[in-house]
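Undergrad: Here is the input, now give the coordinates:
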Amino acid sequence: MDPNIIDNLPDILKNNMDTFKKTSEDFSKKDNPEYMTDCEYSVINFDEVTKEYKRNNKINMDPKSNDALYIDDENLYFIEFKNGYFNVNFNVNHIKGSISNAFIDAEDNKTKEKIVFNNFKGSIKGGFTGYCEGSFNTNMNSENNYNFDGSIEGYSSKCEITDKNTNEKYNIRGDIKGNFRGYINGNTILDDLKTKIYDSLFVLSNIKHSNGDYYIENILDFSRKNIIYIAVYNEENNPKTRQSHFKKRANMPEITKRYNMDKILSLKNFIFKEVYLYSKEQFRMNFIDKIKI
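TA: Numbers count the residues shown, from 1 in each chain. Next comes the predicted model:
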């Protein structure tokens, strides 16, 4: 980013400068971090901005945020990197399938008896509040039910588990963590991106200069005229897909169609000036290579 632009930023933005490479880091791979770009150009780490905003304003909830904010003489650019794409944390509402290597700390819903398993293996179904990380199969039995293979962690107020070894059934409520294979019902990747967008715009709208003036006066009007949104995904980490007639007509990778990611494009003119879905290579060619230093 232009040093002159940086110098005139509010402190909360100026103090959280980083590189494109660092903001694109995949934190799920701690032992072998991956990056969506190797670009060392300066950019605002908006994840860190949001964390600082939360601390400064004593907010109890955890706002979600876009990864980066880039500013030039004409526009602001919110950038979200999705390395795993189908392996992002996914908010779960209901599960049905098999679970293994599971830690369960719960109680019987009827007797209130304490039930603890350190290595449970069996079936599970019921309400579930928490997260999962793993692979989403392309087959779905409804709009929000995904065939899933990975790990889950969270809390159930009412679910049924059946021990595979003893065939004994338990109706429980409590904490559950383990490997899961089956169907999950929850928020889609599109929902996740939208939440990050809305929360990021809210944070940006409340940022002030040291003299108390707002950095942006009318965020919605400003955003429609001056903010461009870019979501960058990693084709290498997604299952290969067949070329379809729909894909050919739309000239868009099928992985974005399959999970309704193309719907994010509808935010153009509604919230943003422009909206783009880029692969890593497209991001390099269409954005990074065009930055004027």
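Undergrad: Please identify which helix or strand holds Glu52.
TA: Secondary structure from DSSP states H and E places Glu52 in helix 46-57.
Undergrad: From the chain's centroid, how far away is that helix?
TA: 17 Å (Cα atoms, centre = their mean, to the nearest Å).
Undergrad: Now do the buried residues in that helix.
TA: Of the residues in helix 46-57, Phe46, Asp47, Glu48, Val49, Thr50, Glu52, Tyr53, Lys54 count as buried by neighbour count, 16 or more other Cβ atoms under 10 Å. No exception for glycine: its C-beta is placed from N, CA and C like everyone else's.
Undergrad: so who does Ser279 touch?
TA: The contact partners of Ser279, by Cβ atoms under 8 Å, 6 or more residues apart in numbering, come to Val232, Tyr233, Asn234, Glu235, Pro253.
Undergrad: Longest strand of the protein, counting residues only.
TA: Scanning the chain for the strand with the most residues, using DSSP state E, yields strand 114-142.
Undergrad: after that one, next one along is what?
TA: Next helix or strand after strand 114-142 toward the C-terminus (DSSP H and E): strand 145-163.
Undergrad: In the sheet, which strands lie alongside that next one, parallel or antiparallel?
TA: strand 114-142 (antiparallel), strand 169-186 (antiparallel) (DSSP bridges).
Undergrad: wait, which of those strands is closest to Ile79?
TA: strand 114-142 (22.4 Å; Cβ to Cβ).
Undergrad: show me what contacts Ile115?
TA: By Cβ under 8 Å, 6+ apart, the contact set of Ile115 is Ile104, Ala106, Glu107, Asp108, Tyr170, Ile172, Gly174.
Undergrad: Put the buried members of those residues into a ChimeraX selection.
TA: Those of these that count as buried under 16+ other Cβ under 10 Å are selected in ChimeraX with:
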select :104,106,170,172,174
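Undergrad: and the two most separated of the contacts of Ile115?
TA: It's Ile104 and Asp108 that sit farthest apart of these, by Cβ to Cβ, at 11.8 Å.
Undergrad: and for the two, which residues touch both?
TA: Residues touching both Ile104 and Asp108 by Cβ under 8 Å, 6+ apart: Ile115, Ile172.
Undergrad: For Met36, state which of the buried residues of helix 46-57 is nearest.
TA: Taking Cβ to Cβ as the measure, Met36 lies nearest Asp47 of the buried residues of helix 46-57, at 13.9 Å.
Undergrad: Tell me the pLDDT of the closest one.
TA: pLDDT for Asp47: 97.
Undergrad: Please name the nearest non-neighbouring residue to it.
TA: Among residues not flanking Asp47 along the chain, Ser65 sits closest, at 5.3 Å (Cβ to Cβ, 6 or more residues apart in numbering).
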